[in-house]
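K.L.:
Can you look at this prediction? I've put the sequence above it.
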Amino acid sequence: MKDRNNTIAGWVLFAGIVALGGSVVTGEVYNHERPEKMGYPIAGVVEEGAGAAVAEKPIEFYLASADAAKGADVFKKCAACHNADKGGPNALGPNLWGVIGEPIGKGANGFAFSDALSKIGGNWDWTSLNHWLASPKAMAPGTKMTFAGLSNPQDRANVIAFLNTKSDALKPLPAAPKDAGASGASAAAGAPGAADAKGQAEMKNGAGAQKAANQPVLDEQQAAKGGSKNVGGPAATKVTGPGGADKIKGP
């Protein structure tokens, strides 16, 4: 009886080993990497959500309604690597007090910036900060900063407004840019008098043409009786002779 149990246990163990080995072999044979883009594109079919993204406006548009208090909340995502306190120390990232107006990649406090950022040049302003906050790696490929970025432009504007308060020289936020082309087109389309004057002129000209077409043509005798003796033109009937009416010639 004991031998039988041992035999059964042995076969069960053997089956388990075979199953495990089979799964390992199968995994090696059919192992493949996940494709970068799943599925195959189909002509004429638009991916759901594609083309629905709205183009961003200039950062000045969002700064016009930026809220520094909301920016302070968003900045908490940055607090693990940065502080913006006056005289505060550098952390994994540089201290950001007075960052607006500083040279890019060459700020104070002796922080060791990456070459990728240092070689960009220029100063931190509204536009450069917006690009940096949107995607540090896109602005400076090879940067040491691992933050993915803020996709919401209003969040970026709020953070910039918050950083603007962290300075000895507070800068006025820009006003929203005006779209002169759109406003001009709207004004022209809604200007009173232009379309009405054109329509009235067309109606007047049309009425005059219709009246001229319906006006009867008089011959010289009819015109003479009515007082209009100076009638000419190819359409008028010509009358000759002393009697005026005994000899009539056609046009």
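P.N.:
Arrived safely. Numbers count the residues shown, from 1 in each chain.
K.L.:
in the stretch 1-150 of the chain, which spans are helices?
P.N.:
For the stretch 1-150 of the chain, the helices defined by DSSP state H, counting those that start in this stretch cover 2-29, 59-63, 68-74, 115-118, 126-134, 136-139.
K.L.:
So which of these is nearest Lys166?
P.N.:
Lys166 sits nearest to helix 68-74 of all these, at 9.4 Å, using Cβ to Cβ. Every C-beta, even on glycine, is put in place using the N, C-alpha and C of the backbone.
K.L.:
Now do the closest one: everything it contacts.
P.N.:
Contact with helix 68-74 is made by 150, 155, 157-165, as judged by Cβ atoms under 8 Å, 6 or more residues apart in numbering.
K.L.:
Am I right that Ala161 sits in a strand?
P.N.:
No - according to DSSP: H, G, I helix; E, B strand; the rest coil, Ala161 belongs to no strand; its state is helix.
K.L.:
Tell me how many other residues crowd it.
P.N.:
Per other Cβ atoms under 10 Å, the neighbour tally for Ala161 reads 21.
K.L.:
Identify the residue spatially nearest to it, adjacent ones excluded.
P.N.:
Closest residue to Ala161 apart from its sequence neighbours, by Cβ to Cβ, 6 or more residues apart in numbering: Ala66 at 3.7 Å.
K.L.:
Ala80 touches Phe147, doesn't it?
P.N.:
No - between Ala80 and Phe147 there is no contact under Cβ atoms under 8 Å: 9.4 Å.
K.L.:
Neighbour count for the two, which is higher?
P.N.:
Phe147 (17 against 10).
K.L.:
Please tell me how far that one sits from Lys76.
P.N.:
Remark: distance between Phe147 and Lys76 (Cβ to Cβ, to the nearest Å) = 13 Å.
K.L.:
Over to Thr127?
P.N.:
24 Å.
K.L.:
Compare the two and say which is more crowded by neighbours.
P.N.:
A direct count of neighbours by other Cβ under 10 Å for Thr127 and Lys76 places Thr127 higher, at 12 against 8.
K.L.:
burial of the closest residue to the more buried one other than its chain neighbours, as a residue count?
P.N.:
Excluding its sequence neighbours, the residue lying closest to Thr127 (Cβ to Cβ, 6+ apart) is Ile59, at 6.1 Å. When neighbours are counted by other Cβ under 10 Å, Ile59 registers 24.
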